[in-house]
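A.B. asks: Provided below are the primary sequence and the corresponding predicted coordinates.
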Amino acid sequence: MAVRELSVVLPAFNEEGNLERVVGEALALRGTLGLDRLEVIVVDDGSTDQTSTIGDDLAARHPEVTVQHHPRNQGYGAALRTGLAVSRLTRVFWTDSDGQFDLTQLTWLLTQSDDFDAVIG
């Protein structure tokens, strides 16, 4: 696997109960995948709970984490577009921020990424 850097985009709407755990799992990918660089982009899509505050706290504690804020809910597609627009690294991965997916499965997907323009799993 030749992937050395990765942007992880996490669209988030009312995920106060999940966000800290999922960001922690995303941050752990640096060691799991042997990355040189990692950025985690949380896109708070106008949440009405504490998602925004939790995201800002995570960004203050972890330099790899940034938060983009939508002042009102614009939907999943808009949150993805925002995250993709600000991502800076050569490979981009996005997933839901509710923790329904096992981020360690990304290891296998990345082994396929040298041969294809997009890998979807």
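C.D. replies: Yep, that arrived. Numbers count the residues shown, from 1 in each chain.
A.B. asks: what pairs with the closest residue to Ala59 other than its chain neighbours across the strands?
C.D. replies: Excluding the flanking residues, the one nearest Ala59 by C-beta to C-beta, 6 or more residues apart in numbering is Val65, at 4.5 Å. In this view, the C-beta of every residue, glycine as well, is placed from N, C-alpha and C. The residues paired with Val65 through beta bridges, assigned by DSSP bridges, are Val40.
A.B. asks: go on, the one 5 residues further on?
C.D. replies: The residues listed as beta-bridge partners of His70 by DSSP bridges are Asp45.
A.B. asks: check contacts around it.
C.D. replies: His70 sits next to Val43, Asp44, Asp45, Gly46, Ala78, Ala79, Thr82 when contact means C-beta atoms under 8 Å, 6 or more residues apart in numbering.
A.B. asks: only alpha carbons, please: show the helix or strand encompassing Leu109 as CSV.
C.D. replies: When elements are defined using DSSP states H and E, Leu109 is found to belong to helix 106-111. Extracted as CSV, the C-alpha positions of helix 106-111 are listed here (Å, rounded to 0.1, in the frame of the first residue of the first chain):
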residue,chain,number,x,y,z
LEU,A,106,-10.2,1.0,5.2
THR,A,107,-6.9,-1.0,5.2
TRP,A,108,-8.2,-3.4,2.5
LEU,A,109,-9.8,-0.6,0.5
LEU,A,110,-6.5,1.3,0.3
THR,A,111,-4.7,-1.7,-1.0
